[in-house]
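Enquirer: have a look; sequence and predicted model below, questions after that.
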Amino acid sequence: MIVTVTLNPSLDRAIEIDHLARGDVLRARSARLDPGGKGVNVSRALLANGVASRAVLPCGGDEGAQLVRLLAAEGVDLVAVPIGGQTRSNITLAEPDGTVTKVNEPGPTLSAVEFDAVTGQALAAAGTAGWVVVCGSLPPGVTPAAFGRLCDRIVAAGVRLAVDTSGPALRAAAEAGAHLVKPNREELSDVVGRPLGSRSDVIAAADQVRAWGAGAVLASLGADGAILVTADTVVSGTAAVTAPRSTVGAGDALLAGFLAALTRSEAAAAGATGPTETANRVSGPATTADTFTAVDEARAGGGRDGRLRPDLVAALAEGLAWGAAAVSLPGSRMPRPDEMRRGDVVIHPDSDPVRSLASQG
Ligand SMILES: O=P(O)(O)OC[C@@]1(O)O[C@H](CO)[C@@H](O)[C@@H]1O
């Protein structure tokens, strides 16, 4: 079971237009409404691929009720915490060449009582989880310090924590000892305070975030794929997308695919010894135990070579396949198994650190 927590979920309205012209009346080619928010998308992607997941999220107002209806219709296992404010709506404008313009509302203010209620539900759900995945922006009312305390409590509960957020909240998650953080290039650049023009820049930034306390960094790099940096491993890969439609949710699909594959390989390694959840329990933050199991063999080899960790290579490849499939789909629709093109994934176990990044963000 993978539990997701989305503090600022959304209704995602995706509108396909011919060309974004400021100040004009634009006629849409099509429109769709998806349940949204990064953790929500991770749960949706896992569900679409037969991986057990439970989504914890605050919901309020008519939009919140609609979000719950949409998620229930998809069959998402949901813990909706009622709040006084109104769940936000986010808008995506997608052009035929794959260019996406996104407008995200700030979201409703979460009171301290409401934040405590979400925290309580997250910790209750964490009791049966292999991972808790906390994703997305902080809603008004939740400070990075409060977010850090949520992360502390999840780590202290002995469950592995993955976080996809940005700015001071990302740093707080790392300092809490999150086992995995998944920034995109812009978020990683922002949190370390310098531009990232090459793979070595990304790896150095990831190591800085690891030095703050995170166990591993999975940096998503858009068209440049992704790089996974752990204590023992640096491995990167790409997945070609021939007809991009919407990048919205691609990072969420990447994270979901990565965790799904890791969970699967751990379950296989555990064999008949017991449920994955039991095998996944950890005794402390990422600073005291490496993020993932079975690192000793890699350590003995010295250096940081992705080939030494076939489980992580496989997880990165799976994440890249899910992320690329999401880019080929409209709006924030999450890919199904028949939509993955695993043959398009290329893994570079010996990451070429000085190679420049081709894409801008
Ligand atoms: O405003 P945040 O929380 O950073 O991001 C929210 C969001 O853009 O992220 C998802 C895609 O990753 C969308 O479903 C959603 O609209």
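Expert: Received the coordinates, thanks.

Enquirer: separation between residue 34 and the ligand?
Expert: Separation of residue 34 from the ligand (C-beta to the nearest ligand atom, to the nearest Å): 7 Å. Where C-beta positions appear, they are placed from N, C-alpha and C, glycine not excepted.

Enquirer: and if you look at residue 358?
Expert: For residue 358, the distance to the ligand - C-beta to the nearest ligand atom - is 22 Å.

Enquirer: surely that residue and residue 223 touch.
Expert: Yes - under the criterion of C-beta atoms under 8 Å, residue 358 makes contact with residue 223 at 6.4 Å.

Enquirer: between those two, which is the more surrounded one?
Expert: Of the pair residue 358 and residue 223, residue 223 is the one with more neighbours under other C-beta atoms under 10 Å, namely 17 against 10.

Enquirer: ramachandran coordinates for the more buried one?
Expert: Dihedral angles of residue 223 (phi, psi; degrees, to the nearest 10) stand at phi -60, psi -20.

Enquirer: is it true that it touches residue 327?
Expert: No - in this structure, residue 223 is not within contact of residue 327 by C-beta under 8 Å, at 9.2 Å.

Enquirer: residues that sit against both of those two, list them.
Expert: Common neighbours of residue 223 and residue 327, using C-beta atoms under 8 Å, 6 or more residues apart in numbering, are residue 241.

Enquirer: ok, what's across the strand from the residue lying closest to residue 324 once chain neighbours are set aside?
Expert: Take residue 324 and drop its neighbours on the chain: the residue closest to it by C-beta to C-beta, 6 or more residues apart in numbering is residue 239, 3.6 Å away. Note on residue 239: beta-bridge partners by DSSP bridges are residue 345.

Enquirer: I'd say residue 239 and residue 225 touch.
Expert: Yes - with contact defined as C-beta under 8 Å, residue 239 and residue 225 form a contacting pair (6.4 Å).

Enquirer: residues bridging contact with these two, i.e. touching both?
Expert: Going by C-beta under 8 Å, 6+ apart, residues that sit against residue 239 and also against residue 225 are residue 320.

Enquirer: output the longest helix belonging to the protein.
Expert: Across the chain, the helix with the greatest residue count (assigned by DSSP state H) is helix 250-270.

Enquirer: if we can go back for a sec, identify the residues contacting the residue nearest to residue 324.
Expert: By C-beta under 8 Å, 6+ apart, residue 239 lies in contact with 225, 320, 321, 323, 324, 341, 344, 345, 346.

Enquirer: repeat the analysis, applying 6 Å as the threshold.
Expert: Residue 239 sits next to 320, 324, 344, 345 when contact means C-beta atoms under 6 Å, 6 or more residues apart in numbering.

Enquirer: farthest-separated two in these?
Expert: 320 and 344 (8.6 Å; C-beta to C-beta).

Enquirer: ok, those two, which is more surrounded?
Expert: residue 320 (28 against 15).

Enquirer: quick one: that one is in a helix?
Expert: Yes - under the criterion used here (DSSP: H, G, I helix; E, B strand; the rest coil), residue 320 sits inside a helix.

Enquirer: got the contact list for it?
Expert: By C-beta under 6 Å, 6+ apart, the contact list for residue 320 reads 237, 239, 345.

Enquirer: closest to the ligand among those residues?
Expert: residue 239 (17.2 Å; C-beta to the nearest ligand atom).

Enquirer: okay, the closest one: pLDDT?
Expert: With respect to pLDDT, residue 239 scores 95.

Enquirer: and if you look at residue 348?
Expert: At residue 348, pLDDT is 84.

Enquirer: distance check, it against residue 224.
Expert: 11 Å (C-beta to C-beta, to the nearest Å).

Enquirer: who has more neighbours, the two?
Expert: A count of neighbours by other C-beta under 10 Å puts residue 224 above the other of residue 348 and residue 224, at 21 against 18.

Enquirer: perfect, I'm done here.
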